[in-house]
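Q: Sequence and predicted structure below; questions after.
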Amino acid sequence: MTHVTNYMLERSRNRHELLTRWDDKKLDAYEGYVDRIRAMIFLAVQLYEHREGIREGQKSEPEMLAELADASRLRGRAFERVMLLGGDEVVEAGHRLNAAVAEVDWQATGRTSGTLDEWRARNRAAFQAINNFHDAARVDLGVKGNVSGESHPERDLLLPPAQRSNEKSPQDARESES
């Protein structure tokens, strides 16, 4: 009887260690992916603001394009880890997040045209998709709670006062002076 009890306890402990090890790998994959997504958005914002004359870039446009392309490649690699380790809902949330970030990228690089308000809407959608990814990842990892919903108020983009939608952007001001 002692042998059977020890065997069952050892088996249970090994199963728990295996699950914990995979959860650690999932957490690393999810964190790395979101980090790459955020880096890509940051670079797209720099490029967009430079191209639209909102803020002077410290790098040339070709350098910014190269950085954004490299960030996109790294995001793709990070998403491959998510696809290998993540549950179905996490993978689907990642696909939706990739699509939202692609729209930000396309407007920043000029592949898609749009107004400043459309740019901001694309960024809002990307950050909402990040929150949705976080929620799916938390469920997959067994973490209680979520980062959106009734317990968390709706948040908006953090913008300096001169760039809020009710005021003119530097680009709008230049256009109205012409």
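A: Happy to help now that I have it.

Q: elements contacting whichever strand or helix holds Val104?
A: Taking DSSP states H and E as the definition, Val104 sits inside helix 88-109. Packing contacts for helix 88-109, counted by 3 or more Cβ pairs under 8 Å, 6 or more residues apart in numbering; DSSP states H and E, involve helix 2-51, helix 61-85, helix 116-141. C-betas here are computed from N, CA, C, even on glycine.

Q: how far away is the closest residue to His134 other than its chain neighbours from Gly76?
A: The shortest distance from His134 to any non-neighbouring residue, by Cβ to Cβ, 6 or more residues apart in numbering, is to Val147 (4.7 Å). Val147 is 24 Å from Gly76, where distance means Cβ to Cβ, to the nearest Å.

Q: for Asn123, same thing?
A: 20 Å.

Q: Among the two, which residue is more densely surrounded?
A: Asn123 (21 against 12; other Cβ atoms under 10 Å).

Q: pretty sure the more buried one contacts Ile41?
A: Yes. Between Asn123 and Ile41 there is a contact at 7.1 Å, judged by Cβ atoms under 8 Å.

Q: Confidence-wise, which helix or strand of the protein is lowest on average?
A: When the helices and strands of the chain are scored by mean pLDDT, DSSP states H and E, helix 170-177 comes last with a mean of 47.

Q: Out of the helices and strands packed on helix 88-109, flag the one nearest Ala99.
A: For Ala99, the closest of the helices and strands packed on helix 88-109 is helix 116-141, at 7.9 Å, according to Cβ to Cβ.

Q: avg pLDDT for the closest one?
A: Across helix 116-141, the average pLDDT comes to 95.

Q: That one: which residues count as buried?
A: By 16 or more other Cβ atoms under 10 Å, the buried positions in helix 116-141 come out as 116, 119-120, 122-123, 125-141.

Q: so what does it touch, helix or strand wise?
A: helix 2-51, helix 88-109.

Q: any idea of the mean pLDDT for the longest one?
A: Just to be clear, that refers to helix 2-51. Averaged across helix 2-51, pLDDT comes to 84.

Q: who's in contact with the most centrally placed residue in the chain?
A: Residue closest to the average C-alpha location in the chain (Cα atoms, centre = their mean): Ile37, at 3.9 Å. Ile37 is in contact with 75, 97, 101, 126, 130, counting by Cβ atoms under 8 Å, 6 or more residues apart in numbering.
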